[in-house]
Every structure is written in C-alpha cells, then in structure tokens.
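Asks: Sharing a model that was predicted from the sequence below.
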Amino acid sequence: MSQATSSKFQSFEALLEELRDKYEQVKLGGGVKRIQKEHEKGKLTARERIEYLIDKGSDFLEVGAFAADEMYQEEGGCPSAGVVTGVGYVSGRMCVIVANDATVKAGAWFPMTAKKNLRAQEIAMENRLPVIYLVDSAGVFLPMQDEIFPDKEHFGRQFRNNAKMSSMGIVQVAAIMGSCVAGGAYLPIMSDEALIVDKTGSIFLAGSYLVKAAIGEHVDNETLGGATTHCEISGVTDNKFDSDQDCLDEIRKIFDKIGSPEKAGFDRVEAKAPGITGEQLLERFPLDRVKPYDMHEILAGLVDGGELDEYKKDYGKTLICATARIDGWAVGIVANQRKIVKTAKGEMQMGGVIYSDSADKAARFIMNCNQRNIPLVFIQDVSGFMVGSKAEHGGIIKDGAKMVNAMANSVVPKFTIIVGNSYGAGNYAMCGKAYDPRLIYSWPTAQMAVMSGASAAKTLLQIKVSSLKKSGKEISPEEENMLLNEITAKYNNELSPYYAAARLWVDGVIDPRETRRVLSMGIEAANHAPVKERFNVGVIQT
C-alpha cells in the first residue's frame with residue numbers, strides 16, 4: 001500500500017471510528033443507570049429483547065438508529081427516538097421488529113418516535129412482512145403533544161396502519177412488557193395476538209392517578225390493568241408470562257407456525273464475492289468531494305465478481321446503467337459517474353452531473369428493469385442536472401422529467417445508497433426519500449442539500465448582506481467574512497449524514513463494507529411482496 005493510499009485509508013478510518021462511536025453511544029439508550037434500573041425490575045432492555053428474540057447468528061438490519069440524533073436537547077435528548085426498529089429473522093421468518101426503549105424517558109413518544117414507528121410500519125406494509133411490537137411506553141411526551149397528536153402523520157396514524165395491515169393479511173403480534181398507556185393501548189390490542197408479562201406489563205386507557213382525578217375511584221395499576229386483570233377478567237390480552245424471556249419464547253413459537261408467504265420472484269443464484277475487498281473499496285473512494293473518480297471501481301466492490309452488464313455504456317456516460325448481481329440477487333443499477341467523460345462529439349462532461357443524454361438513457365433502462373422484474377439500486381453521488389443555455393436549449397428539463405417520471409412510476413422495488421453528494425433535483429431523480437425507496441442508507445461521506453455548502457453559503461450571504469443594506473446598515477469586509485463563516489458552519493452541519501439520519505431522511509448511516517448486506521436483506525424483504533401493479537409512466541414527452 002502506498003503512503004498516499006495509506007493516509008487516505010486512515011482518514012476514512014477516522015470517519016468509520018466516528019460512526020462506531022456514535023452507534024455505541026446510541027445503544028446505551030438512556031444510559032447505564034437507566035439500564036440497571038430496568039434490570040432491577042427483572043426486565044430486559046429493548047435491544048436485549050431483540051437480541052434474545054431473533055434467531056441466533058442471524059442478521060438484524062436496524063432502521064433509524066440515529067433518529068433524533070442531537071434533537072430535543074432541551075428535553076434531555078431522545079437517543080434513537082426512544083424506540084429500536086429493524087428487520088430480522090424469528091424462527092426463520094423475516095419480520096419487522098419495533099421495541100420501545102424504556103430507558104429513554106420511560107419510552108415516551110416524541111415527534112420523531114412517531115415518525116420512526118410509522119417508517120417501520122411502512123417497511124412492513126410495502127414488503128408484506130409480519131410485525132412484532134415489544135411494547136414498553138409511557139405514551140405521548142405531553143410537553144410536545146401538539147407536535148405528535150392530531151396530524152395525518154402523527155401518533156394516531158399507527159393505529160390506522162394496524163387496521164390496514166390486518167386487512168392486508170400482515171401478521172402482527174404484540175408483547176406488553178412494561179407500560180402501555182392511553183391511546184398507545186390500542187396498538188397491541190389491534191394486533192392479531194397480544195401477550196403480556198406478569199407484574200411488569202400493564203395496559204389501560206388511564207392510570208390510577210388519572211382515574212382518581214377523573215371519577216374518584218381508588219385503584220392500583222395492577223388491579224386496573226395488570227396481566228391477571230386482562231387475561232382472566234377483561235380478556236383484553238391473550239396469555240400472560242412470568243418473564244420477558246418466557247414471553248419472547250412464545251413469540252418464537254407463534255412465528256414457527258406461520259404459513260409461507262407469496263414471493264415476488266426476483267432472481268437469485270449462488271452469491272459470489274465482490275470484485276475487490278472491502279478495504280480496497282475504502283481505498284478507491286476519495287474523501288475529497290470535488291475529486292473525480294471512476295464509479296466502476298466502486299461498483300466492483302459492491303457487485304458479485306465485480307461484473308457489470310452495461311446498458312448503452314458509450315452513451316450518456318455521466319450515468320452508469322447496468323444489470324448485475326448483489327449477493328446473488330439480480331439488480332439493475334443506476335449510478336452517477338464521477339469522472340469527467342468525453343462524448344462522441346468531443347464534448348467534455350463533468351462528473352456527477354446529469355446531462356440530457358444520461359437522463360434519457362436512465363429512463364429507458366428503468367423501463368427495461370420494470371419489464372424484466374428486476375429490483376433497482378440507485379448509487380447517488382450527484383451534483384444535480386446540467387444548467388446553462390446549451391443544456392436548456394437541448395431540453396434538459398424534458399429529459400430530466402422523463403427520468404423522474406420513469407423512476408417515480410417504477411413498480412419494482414427501489415433501493416438507494418448515498419455515497420457522496422446528493423444535491424438538488426439530482427436527489428430526486430436518483431430516488432431520494434420522496435420517491436419511496438424500500439430502503440435508503442448513506443455512507444459517512446454523504447452530503448444532502450439543495451446545493452453544495454460553498455455555493456449555498458455564498459448565496460445566503462448575498463441575501464443577508466442585501467437585506468442589511470436595505471435596512472440602512474453597511475457591513476465591513478471583516479464582518480462580511482465573519483458572517484460567511486457563521487453561515488458556512490451552520491450549512492455544513494446540515495449537510496452531515498447524521499443530520500439526515502436524525503430526521504429519517506435516510507434509514508441510517510453505514511460502513512461502506514456493509515452495503516451488500518443491507519441491499520441483500522432489502523431485496524429479500526421485497527421478495528415477500530409480489531409485484532401486482534402494472535408499470536405505466538403516464539403522460540410523458542418523448
């Protein structure tokens with residue numbers, strides 16, 4: 001390894017070390033003391049419950065690990081939005097697991113908690129995966145009730161989804177392993193089966209204090225809504241268990257007897273190792289976001305055998321469109337080419353920019369993948385669409401719209417990995433969050449925004465200075481430079497992949513070497529949902 005390569009690799013290692021450190025902190029939830037308190041009650045934590053429940057040695061793909069990262073600081077923070085969600089295997093069946101983290105504000109629901117729960121339900125509905133709810137929550141975080149209670153994508157939407165999933169035949173099993181209060185009580189009871197842990201699990205619309213205040217009745221929580229009450233008197237829950245472990249064992253028994261699902265029929269053969277090692281993949285990806293590189297070299301580290309079957313490889317060269325295999329699964333890949341390329345007319349095209357010919361090629365390729373029932377994978381490192389008079393006269397808007405139309409109407413599942421830049425309309429065309437990718441993850445090198453930090457900061461500075469001048473205030477070059485630095489720092493913070501992950505614009509930030517695993521599990525999940533819609537791009541200019 002050369003000295004330059006070694007230095008670059010160590011720099012990437014610094015990013016990965018930050019990723020590992022942040023994730024280890026997230027896994028502590030509300031902290032060591034809170035974890036100890038749960039153990040003293042005889043309870044497992046959310047992550048311990050998941051680890052016990054899933055098949056030994058199997059993968060668990062966490063979704064939203066960094067949700068609410070550095071948000072709600074005035075309220076003491078809300079690590080991982082107070083809930084652990086993801087896709088795993090229970091008794092050999094792939095499923096979605098949602099586990100409230102009682103170490104974080106007693107599992108109370110913050111606005112991002114609701115968004116994260118809804119994302120988990122969305123994954124289950126899109127992929128027809130059964131759901132397991134491990135309930136342990138104090139209900140809505142009352143100081144922020146106006147941000148979580150009444151709107152369409154707020155707290156109540158999860159119960160609507162409960163009902164919708166039931167009608168779709170999606171199995172839902174709930175285990176009440178701690179508090180389950182007020183409106184939250186509907187979630188487990190709208191599931192197919194509701195289990196409860198004796199002495200630690202409780203479920204009621206109003207706790208003993210509220211009951212006393214509302215109707216004057218004196219009653220303790222166990223009598224009001226404990227396991228014995230609901231299993232022997234009300235019939236609200238189905239069976240009670242002596243411990244978390246016993247309850248989780250019962251869930252495994254339930255899943256051991258669920259019938260086989262339909263399949264979408266996506267093609268899979270025996271997997272091959274990628275064309276290069278994970279370490280070589282890190283070495284070949286430049287940390288300098290303006291430095292060109294050949295995306296083919298990156299794809300070699302993602303696809304089986306490094307083998308690509310390119311579509312129109314000599315046309316529209318700033319987008320690579322190719323069929324390949326990832327962990328044995330057949331996929332169609334649309335990836336931004338970052339190196340400067342030369343067209344047949346001798347014109348130079350900037351890497352990472354989508355031109356008319358590239359957009360036209362991608363639209364046709366997406367149509368072909370839909371025709372052949374091949375899942376689509378978008379690898380984003382995009383600066384946006386080409387601008388300027390030549391591009392406008394050449395119909396860039398029309399060709400860009402054609403690509404967006406084909407991508408938006410695609411009926412085969414889509415997956416997105418953001419490896420570098422994700423700016424402006426390029427984010428949209430390359431299947432950003434707004435276009436329903438089944439999963440969307442980013443590398444630690446990713447940046448998402450309307451435009452790059454440098455361009456945005458200069459634009460925002462011009463607006464600010466103009467506004468100040470209109471109000472009669474003149475600023476010196478030194479003050480202007482200070483203002484630019486402040487704007488740049490704020491904007492660069494918002495470019496961070498963790499900023500995006502905190503708000504669930506992406507499902508998580510991953511080590512690039514985990515990309516194949518993430519995509520493979522995503523396609524396996526999607527294979528549970530047969531494609532029954534007909535691909536139709538609607539009205540489109542040609």
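Replies: That came in fine, so what should we check first?
Asks: Count the residues that sit near the nearest residue to residue 534 once chain neighbours are set aside.
Replies: Excluding the flanking residues, the one nearest residue 534 by Cβ to Cβ, 6 or more residues apart in numbering is residue 411, at 7.1 Å. For glycine as for every other residue, the C-beta is placed from the backbone atoms N, C-alpha and C. Burial of residue 411 is recorded as 13 neighbouring residues (other Cβ atoms under 10 Å).
Asks: got the contact list for the nearest residue to residue 309 once chain neighbours are set aside?
Replies: Among residues not flanking residue 309 along the chain, residue 323 sits closest, at 4.8 Å (Cβ to Cβ, 6+ apart). When contacts are counted by Cβ atoms under 8 Å, 6 or more residues apart in numbering, residue 323 is found next to 308-309, 311, 330-333, 369, 374.
Asks: Among these, which one lies nearest to residue 13?
Replies: For the contacts of residue 323, the closest approach to residue 13 (Cβ to Cβ) belongs to residue 333, at 26.9 Å.
Asks: Doesn't the closest one belong to a helix?
Replies: No: under DSSP: H, G, I helix; E, B strand; the rest coil, residue 333 falls outside any helix and is assigned strand.
Asks: my guess is it contacts residue 324, does it?
Replies: Yes: shown here, residue 333 and residue 324 form a contact pair, counting by Cβ atoms under 8 Å, at 5.8 Å.
Asks: any shared contact partners between the two?
Replies: Residues touching both residue 333 and residue 324 (Cβ under 8 Å, 6+ apart): 299, 303, 308.
Asks: want to throw those into CSV with secondary structure?
Replies: As requested, these are exported to CSV (three-state DSSP):
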residue, secondary structure
299, helix
303, coil
308, coil
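Asks: Now the closest residue to residue 109 other than its chain neighbours: phi and psi?
Replies: Closest residue to residue 109 apart from its sequence neighbours, by Cβ to Cβ, 6+ apart: residue 140 at 5.0 Å. Dihedral pair for residue 140: phi -60, psi 140, per degrees, to the nearest 10.
Asks: Relative to residue 525, which of the shared contacts of residue 333 and residue 324 is nearest.
Replies: Nearest member of those to residue 525, counting by Cβ to Cβ, is residue 303, at 19.6 Å.
Asks: Next up, phi/psi of that closest one, please.
Replies: Dihedral angles (degrees, to the nearest 10) for residue 303: phi -100, psi 150.
Asks: That one and residue 276, how far apart?
Replies: 10 Å (Cβ to Cβ, to the nearest Å).
Asks: tell me which helix or strand of the protein sits lowest on mean pLDDT?
Replies: The least trusted helix or strand in the chain, going by mean pLDDT, DSSP states H and E, turns out to be helix 453-470, with a mean of 73.
Asks: Next, the residues that contact it from outside, please.
Replies: The contact list for helix 453-470 (Cβ under 8 Å, 6+ apart) reads 447, 449-451, 474-475, 480, 483-484, 487-488, 491-492, 495.
Asks: try 10 Å this time
Replies: 289-290, 383, 423, 447, 449-452, 473-475, 479-481, 483-495 (Cβ atoms under 10 Å, 6 or more residues apart in numbering).
Asks: In helices only, show me those.
Replies: When DSSP state H defines the helices, the subset of these inside them is 479-481, 483-495.
Asks: Of those, which count as buried by neighbour count?
Replies: Neighbour-count burial (16 or more other Cβ atoms under 10 Å) is assigned, among the ones in helices among the contacts of helix 453-470, to 483-484, 487-488, 491-492, 495.
Asks: Take these and write them to TSV, including distance to residue 263.
Replies: As requested, those are arranged in TSV below (distance: Cβ to Cβ, whole Å):
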residue	distance to residue 263
483	58
484	55
487	51
488	50
491	45
492	45
495	40
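Asks: want to throw these into JSON lines with pLDDT and distance to residue 363?
Replies: Conversion of these to JSON lines gives the following (pLDDT from 0 to 100; distance: Cβ to Cβ, whole Å):
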{"residue": "483", "pLDDT": "76", "distance to residue 363": "43"}
{"residue": "484", "pLDDT": "75", "distance to residue 363": "40"}
{"residue": "487", "pLDDT": "76", "distance to residue 363": "37"}
{"residue": "488", "pLDDT": "76", "distance to residue 363": "36"}
{"residue": "491", "pLDDT": "74", "distance to residue 363": "32"}
{"residue": "492", "pLDDT": "79", "distance to residue 363": "34"}
{"residue": "495", "pLDDT": "89", "distance to residue 363": "29"}
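Asks: Strands along the stretch 201-350 of the chain, start to end?
Replies: For the stretch 201-350 of the chain, applying DSSP state E, counting those that start in this stretch gives strands covering 239-241, 309-310, 319-326, 329-336, 341-342, 348-349.
Asks: pLDDT below threshold where in the stretch 251-400 of the chain?
Replies: Of all residues in the stretch 251-400 of the chain, none has pLDDT under 70.
Asks: Who are the contact partners of residue 377?
Replies: Contact analysis of residue 377 by Cβ under 10 Å, 6+ apart lists 299, 302-303, 322, 324, 326, 329, 331-335, 369, 413-417, 431, 437, 515, 519, 522-523.
Asks: Please report phi then psi for it.
Replies: Residue 377 adopts backbone torsions of phi -120, psi 120, taken as degrees, to the nearest 10.
Asks: so how far is residue 40 from it?
Replies: According to Cβ to Cβ, residue 377 and residue 40 sit 46 Å apart.
Asks: how long is stretch 339-346 end to end?
Replies: Terminal residues of stretch 339-346 are spaced 15 Å apart (Cα to Cα, to the nearest Å).
Asks: now, of the strands of the stretch 201-350 of the chain, which is deepest in the fold?
Replies: Stretch with highest mean neighbour count among the strands of the stretch 201-350 of the chain: strand 329-336 (a mean of 24; mean count of other Cβ atoms under 10 Å).
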